[in-house]
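Chemist: Model the structure of this input:
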Amino acid sequence: MIRVNLLGTKEPSGAGPILEPGFGGGESSEKKGILAGIAILGLAVGAIGVQWLSATRTINQLDEEINQLTQEKARLAPIIAQVEAYQAKLAELEEKERLIERLKNERQGPVRMLEALSAELPDFVWLTELSQRAGMVTIDGMAASLVSVADYIRRLEDSDWFQNVELVDASVKRGQRGQEQEFTEFQLRTQLVTPFSPDSQAGGAGGAPAGAR
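Modeler: Residues are numbered from 1 along each chain as shown. Prediction:
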């Protein structure tokens, strides 16, 4: 068949379509950019996924440790309660022991003080009354003479139990029923300085207490 070109235009050759300059190269660069962005996004998502898995693993390990500690605490709870009960009982016993020791010292204190006072008594001196208040001891007694009273004061001052011994009063009295024999009534005041405890007994009155003379 014979074709006649009435328009006067050239038919396209069999080499294929003719592309405009620059069209094919721009499309390829755009595809490469999209692929690179997808790749970067994939890497980021992968990194986030790895971190999430690591965090999940750590949380699971911590939960397991917490569960183990909770079980261990529940197991030790009776033992802890028993130890606390023993500690409370021990504290109570120690408090009772301190109270008993204090009561013993308070009970033995006057006895020790009397032993110390009587141990220092010279001859011809007698004690008639004794009182103690706030560490101060008041002593009433009788003596054959003022010399004996002065001797007693000196002995008390040399003792480890008393200090600041002072003569409050002294008066000479005549015997009853017309007897001419005279005696001296006196009152002393001194400060008690040695605590009465089992360990301090050796520092107080040495030897057996002297009785009424």
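Chemist: Nearest the geometric middle of this protein, what residue?
Modeler: Centroid-nearest residue in the chain: Ala91, 13.7 Å away (criterion: CA atoms, centre = their mean).
Chemist: Could you tell me whether that residue really is in a helix?
Modeler: Yes - the assignment for Ala91, made by DSSP: H, G, I helix; E, B strand; the rest coil, places it in a helix.
Chemist: Now do the same for the helix or strand that Glu64 is a member of: mean pLDDT, whole number.
Modeler: Using DSSP states H and E, Glu64 sits within helix 23-119. The average pLDDT for helix 23-119 rounds to 83.
Chemist: Equivalent analysis for stretch 147-155, please.
Modeler: If you average the pLDDT values across stretch 147-155, you get 93.
Chemist: Please enumerate residues in contact with it?
Modeler: Here stretch 147-155 makes contact (CB atoms under 8 Å, 6 or more residues apart in numbering) with 120-125, 141, 143, 165, 167, 170, 184, 186, 188. Quick note: C-beta positions are derived from backbone N, CA and C, even for glycine.
Chemist: Output that stretch as PDB, restricted to C-alpha atoms.
Modeler: This file holds the C-alpha atoms of stretch 147-155, laid out as PDB (Å, rounded to 0.1, in the frame of the first residue of the first chain):
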ATOM      1  CA  VAL A 147      39.000  18.200 171.300                       C
ATOM      2  CA  SER A 148      37.300  15.000 170.300                       C
ATOM      3  CA  VAL A 149      34.900  16.900 168.000                       C
ATOM      4  CA  ALA A 150      37.900  18.500 166.300                       C
ATOM      5  CA  ASP A 151      39.500  15.100 165.900                       C
ATOM      6  CA  TYR A 152      36.400  13.800 164.300                       C
ATOM      7  CA  ILE A 153      36.200  16.700 161.900                       C
ATOM      8  CA  ARG A 154      39.800  16.100 160.800                       C
ATOM      9  CA  ARG A 155      39.200  12.400 160.200                       C
END
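Chemist: Name the residues of it that are buried.
Modeler: Residues Ser148, Val149, Asp151, Tyr152, Ile153, Arg155 are the ones in stretch 147-155 that count as buried (16 or more other CB atoms under 10 Å).
Chemist: How far off centre is that stretch?
Modeler: The chain centroid and the centroid of stretch 147-155 are separated by 51 Å under CA atoms, centre = their mean, to the nearest Å.
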